[in-house]
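S.K.: Dropping a prediction and its sequence here:
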Amino acid sequence: MKSRLYTFLVWFPIGLFLRIGLSAQGDIPIVMNPAAGILWEHTIDDFTLESYNRGVTSLFVEFEKLSGRRFVPGQYGRAGLKLFTSSGPGLATSRHLVLAVIRQLENRGFRKDQIFILDQSARDLRRAGFLPQLSKRRSDFHGIPVLAMDSGIHFHPDWFYESPLPSFPIGEVSNDDRKSLLPYPLINEVDFWINLPVATDCPGVGISCSLANASIWNVQNNYRFIADKNSSPVAVTEICAIPELRATWAFSLVSLETYQFIGGPRFHSLYTASEKSLALSSNPVLLDYHLLTKINQHRRANRFKEIPSDSPLFRYGKTLGLGEFSGENVKTLNLR
């Protein structure tokens, strides 16, 4: 079947047009589920694997109950986990959280070879403990295949996000300078993927968590978006709104074992906080807004300027249908 190329155009205040270029065989409808306005928080006893297993089990059960969806093997028999390791081992997705999610998927019928882990850099994945030493000549985490996007083999030239911003460093020029390739494994032949971000402040975006991990930390040629406060929120929300990427995105699940309130996305141990809590939502706008309130609490306590809660990130996310961050239909449910 022939693929076709189509574009979305969005206008934003500085007068630039951003374009998403995609190859697709048809439009993918986005169906809102009954859980879209809910954020679940689960208090855990500690950060051991046993506590993570109990917390993640409860969250999966509650989400499936309300959404009416079971996370079992479907048409493709394949599920992906998108991690965050770009800030180094001090500020990376918890290994215990990943193992707990893997256990839930295995309990629902997935084999290890039907699950994959994905993130930007093999080096960062290795430093964070998700890849073994090079001498082992393996690319798995407890038997789960690990895919590093910087290998270049997990992109497709017809699937990209395009904007007029140049690549960084300034002066770098190429024929594809304005294109950021999308992670093909999260789009093609996958039943669903789960977003496992880390919360930190980030120039331009404001907060790097669910939305950022699914977008600018999920594409090639991404550093051009991070520092630009005008274009970053647009790029983040437009990438997240790509129908094919969003259709397979199940939900986001974040651990507050370590999160950072200033200096991000570089890791600074003096500016990290910790809570014995997990948070899950299929509404990435709501989840990021919730985490921003926590980050701002620590910024106030340490006499740092707060990140504006009316950030364009949330307004654009709402406009593009990614989710609400306030209103009667938004609820936070606490589990123990």
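M.R.: Perfect, I can see it now. Numbering: from 1, shown residues only.

S.K.: and Ser87, that one's in a strand?
M.R.: No - under the criterion used here (DSSP: H, G, I helix; E, B strand; the rest coil), Ser87 is coil, not part of a strand.

S.K.: surely it meets Gly264?
M.R.: Yes - contact criterion Cβ atoms under 8 Å: Ser87 and Gly264 qualify, at 7.0 Å. Quick note: C-beta positions are derived from backbone N, CA and C, even for glycine.

S.K.: Mind listing the shared neighbours of the two?
M.R.: The contact sets of Ser87 and Gly264 overlap at Thr200 (Cβ atoms under 8 Å, 6 or more residues apart in numbering).

S.K.: Any idea how many residues pack against Val190?
M.R.: Neighbourhood size, Val190 [other Cβ atoms under 10 Å]: 19.

S.K.: repeat for Gly74
M.R.: By other Cβ under 10 Å, 12 other residues sit near Gly74.

S.K.: which residues touch the closest residue to it other than its chain neighbours?
M.R.: Once flanking residues are discounted, Gly74 sits nearest to Asp191: 3.9 Å by Cβ to Cβ, 6 or more residues apart in numbering. Applying Cβ under 8 Å, 6+ apart to Asp191 gives the contacts Pro73, Gly74, Gln75, Tyr76, Gly77, Arg78, Ala79, Thr248.

S.K.: Just checking, which helix or strand of the protein averages the lowest pLDDT?
M.R.: The weakest-scoring helix or strand in the chain, judged by mean pLDDT, DSSP states H and E, is strand 4-6 (a mean of 28).

S.K.: Mind checking which of the contacts of Asp191 are buried?
M.R.: Taking 16 or more other Cβ atoms under 10 Å as the criterion, what is buried in those is Arg78, Ala79, Thr248.

S.K.: Which of these fall in strands?
M.R.: Under the assignment DSSP state E, the buried ones among the contacts of Asp191 contribute Ala79 to strands.

S.K.: quick one: buried residues of the helix or strand where Arg123 lies?
M.R.: Secondary structure from DSSP states H and E places Arg123 in helix 122-127. Judged by neighbour count using 16+ other Cβ under 10 Å, the buried positions of helix 122-127 are Ala122, Asp124, Leu125, Arg126.

S.K.: hang on, Val236 in a helix?
M.R.: Yes - assessed with three-state DSSP, Val236 lies in a helix.

S.K.: For it, list the residues it contacts.
M.R.: Val205, Leu211, Ala212, Ser215, Ile216, Phe225, Leu313, Tyr316.

S.K.: Highest neighbour count among these?
M.R.: Counting neighbours by other Cβ under 10 Å, the top entry in the contacts of Val236 is Ala212, with 33 neighbours.

S.K.: what's in contact with stretch 82-91?
M.R.: Stretch 82-91 is contacted from outside by 92-93, 98, 117-121, 124-125, 127-130, 183, 186, 193-198, 200, 213-214, 217-218, 258-260, 264-267, 269, 272, using Cβ under 8 Å, 6+ apart.

S.K.: Any chance of the contacts of Asp191 in JSON lines with pLDDT as columns?
M.R.: JSON lines is the format used below for the contacts of Asp191 (pLDDT from 0 to 100):
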{"residue": "Pro73", "pLDDT": "97"}
{"residue": "Gly74", "pLDDT": "96"}
{"residue": "Gln75", "pLDDT": "95"}
{"residue": "Tyr76", "pLDDT": "96"}
{"residue": "Gly77", "pLDDT": "97"}
{"residue": "Arg78", "pLDDT": "97"}
{"residue": "Ala79", "pLDDT": "98"}
{"residue": "Thr248", "pLDDT": "95"}
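
S.K.: Mind putting these into a markdown table with distance to Thr43?
M.R.: Converted to a markdown table, the contacts of Asp191 look like this (distance: Cβ to Cβ, whole Å):
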| residue | distance to Thr43 |
| --- | --- |
| Pro73 | 31 |
| Gly74 | 32 |
| Gln75 | 36 |
| Tyr76 | 35 |
| Gly77 | 34 |
| Arg78 | 32 |
| Ala79 | 27 |
| Thr248 | 30 |
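
S.K.: pLDDT of the host helix or strand of Ile194, averaged?
M.R.: According to DSSP H and E, Ile194 maps onto strand 192-195. If you average the pLDDT over strand 192-195, you get 98.

S.K.: Compute the mean per-residue pLDDT across whichever helix or strand comes after that strand, please.
M.R.: For strand 192-195, the following helix or strand on the C-terminal side (DSSP H and E) is strand 200-202. Mean per-residue pLDDT for strand 200-202: 94.

S.K.: Strand 200-202: what's the following helix or strand?
M.R.: Where DSSP H and E defines the elements, the next helix or strand beyond strand 200-202 is strand 206-208.

S.K.: Contacts for that next one next, please.
M.R.: Outside strand 206-208, the residues that reach it (Cβ under 8 Å, 6+ apart) are 197-202, 217, 233, 264-265, 288, 291-292, 295, 307-308, 311, 313.

S.K.: strands paired with it, and their directions?
M.R.: strand 200-202 (antiparallel) (DSSP bridges).
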